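*Asks:* here is a sequence together with a model predicted from it:
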Amino acid sequence: MSAETTSSETTTADTTARPAVTVLGLGSMGTALAAALLAAGHPTTVWNRSPEKAAPLVARGAVLAGSAREAIEASPLVISVVLDYPALYSVVDSALDALKGRSLINLTSGSPEQALEAVEWARRYGVEYLDGAIMTTPPGVGSPDVMFLFSGDRTVFDAHRSALEALGDPRYLGAEPGLASLYDTALLGLMWATMTGWLHGTAVVTAEGTKATDFTAVATRWLGTVNTFITRYAGQVDRGGYPGDDATVDVQVAVIDHLLHAAEARGVDNALPRLLKSLMERASAAGHGADSYGSLIEVLRTK
């Protein structure tokens, strides 16, 4: 037997061995998930209230189910990415008996509290349930560089890891079902704060005629250094102590004035840096002036 034949047979066997997956919901994200599963060789069944959305996936080999029940019965793993939690319940309500004994991974956006309610709902109906969060936009699905966060039943995560790896880099956060949703919310806040800080800096620099792309090449390199600060402060937060041996809060208060002056002189809105300065000043007033920037968490935690 030739090496070429052996390789071909192995590929076919590997593809055939991949478990079947059903995707409920074919918005832009659901479509991207189904496409990634197909590309990885998983037999994929899809369902959507508007079946015409499935046409491109069917052309690539997906099976379009005529009903949610038919879709659920087609696979041991069902991935839901519908509008919200009420929509999820509405879709599967008529097929709860078909879900029993199968695994349902919910990638619908929602709150940690909704995730906890979903776990109780799943237990009542004998459904193996895992909650998840997608940390990318549809074009990023299928790349190992993007994260998919999961929390809840570890056995469901382990049993279907190969399918989850087809979507991106799966990260199991823990048994608490609401963790994926909580991380998702917090990480989106980090994204918005980071991107807005970049946009503010870009507005300041481009006022001098610099191109945004030139500034961004330096800014992204700087974020690598910022990562080291964050990692250091994370340990301080866990310990509840904030030694100001790198740069104190009071030093930061003085330095941010330079940004405020530069932005004002160039007609750039200063709402963001003013907010940051106010947090620093509150931390200093609370006795953290000689502590590290990580001590601002004590101000943020104050109700």
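*Replies:* That came in fine, so what should we check first? Predicted model only: the values in this text are computed from it and were never measured.
*Asks:* use CA for all of it now, contacts and neighbours both
*Replies:* Will do.
*Asks:* I figured D184 hits M135, correct?
*Replies:* Yes - D184 is within contact range of M135, at 7.2 Å (criterion: CA atoms under 8 Å).
*Asks:* what touches both of these two?
*Replies:* L149 (CA atoms under 8 Å, 6 or more residues apart in numbering).
*Asks:* and those two? which has more neighbours close in?
*Replies:* Shown here are D184 and M135; by other CA atoms under 10 Å, D184 has more neighbours (21 against 18).
*Asks:* quick one: contacts for that one?
*Replies:* Going by CA under 8 Å, 6+ apart, D184 touches A133, I134, M135, L149.
*Asks:* one more: N270?
*Replies:* With contact set as CA under 8 Å, 6+ apart, N270 has these partners: L260, A263, E264.
*Asks:* helix or strand: which one has the last one?
*Replies:* In this assignment (DSSP states H and E), E264 forms part of helix 249-265.
*Asks:* how about that helix: buried residues?
*Replies:* V249, D250, V251, Q252, V253, I256, L259, L260, A263 (16 or more other CA atoms under 10 Å).
*Asks:* same check, this time on stretch 110-123
*Replies:* G110, S111, P112, Q114, A115, L116, A118, V119, A122.
*Asks:* can you pull the phi/psi pair for the fifth one?
*Replies:* A115 adopts backbone torsions of phi -60, psi -40, taken as degrees, to the nearest 10.
*Asks:* same question for the second one.
*Replies:* S111 has phi and psi values of phi -90, psi 160 when expressed as degrees, to the nearest 10.
*Asks:* quick one: the helices in the stretch 51-200 of the chain, in order.
*Replies:* 55-59, 68-73, 85-92, 96-99, 112-124, 154-159, 161-165, 179-206 (DSSP state H, counting those that start in this stretch).
*Asks:* ranking these by burial, who's on top?
*Replies:* helix 68-73 (a mean of 22; mean count of other CA atoms under 10 Å).
*Asks:* residues contacting it, please?
*Replies:* 22-24, 45-47, 64-65, 78, 91-92, 94-95, 98-99.
*Asks:* of those, grab the buried ones for PyMOL.
*Replies:* Command for PyMOL, covering only those of these found buried under the criterion 16+ other CA under 10 Å:
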select buried, resi 22+23+24+45+46+47+64+65+78+91+92+95+98+99
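*Asks:* take the contacts of helix 68-73 and keep only those in strands.
*Replies:* Using DSSP state E, T22, V23, L24, T45, V46, W47, L64, V78 are the members of the contacts of helix 68-73 that sit in strands.
*Asks:* could I get the residues you listed as CSV with distance to A36?
*Replies:* Below are those laid out as CSV (distance: CA to CA, whole Å):
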residue, distance to A36
T22, 12
V23, 11
L24, 14
T45, 13
V46, 13
W47, 16
L64, 16
V78, 15
